[in-house]
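Asks: Turn this into a model:
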Amino acid sequence: QVQLVESGGGLVQAGDSLRLSCAASGGTFSTYSVGWFRQAPGKEREFVGAISWRGNTYYADSVKGRSTISRDNAKNTVDLQMNSLKPDDTAVYYCAADTADWDLSNWARYDYWGQGTQVTVSS
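Replies: Numbering: from 1, shown residues only. Predicted coordinates:
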């Protein structure tokens, strides 16, 4: 059983940067792939990016080029660095974990989820 806790959300202005962190406990973190998803009010859950347990990274087109996902297995954390934030990035951001390393853009793939952290980008 893996527990995930997101942090780092907040209110920022368009063009700012934000670093979200996902802290894991209760499992062998190095064997888990971690995905980031977001959900805005009235919209479906959306894939943001993921890092496999092998260290391969994947990004949604909407954030590619301005986001970076990294992991620190010694600290059991995965970070999502987002730059050049836009109002459209406003959402609750969730991290999720699973032992698979394929189909990581599919939210149904993941067994474990955090409670989410709110990101609000003002124009």
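
Asks: so what's the residue nearest the centre of the chain scoring on pLDDT?
Replies: Nearest to the centroid of the C-alpha atoms of the chain, with distances taken as CA atoms, centre = their mean, sits Trp36, at 2.4 Å. At Trp36, the model reports a pLDDT of 98.

Asks: Please name the bridge partners of it.
Replies: Listed by DSSP bridges, the beta-bridge partners for Trp36 are Gly49, Cys95.

Asks: Surely it touches Leu80?
Replies: Yes: contact criterion CB atoms under 8 Å: Trp36 and Leu80 qualify, at 5.0 Å. For glycine as for every other residue, the C-beta is placed from the backbone atoms N, C-alpha and C.

Asks: intersection of neighbour lists for the two?
Replies: Overlap of the contact sets of Trp36 and Leu80 (by CB atoms under 8 Å, 6 or more residues apart in numbering) consists of Leu20, Cys22, Val48, Gly49, Ile69, Tyr93, Cys95.

Asks: Identify, from those, the entry nearest to Asp111.
Replies: Out of those, the one with the shortest distance to Asp111 is Cys95. That distance is 12.6 Å, counting by CB to CB.

Asks: residue contacts, the closest one?
Replies: With CB under 8 Å, 6+ apart as the criterion, the residues that contact Cys95 are Leu4, Glu6, Leu20, Cys22, Val34, Gly35, Trp36, Phe37, Val78, Leu80, Trp113, Gly114.
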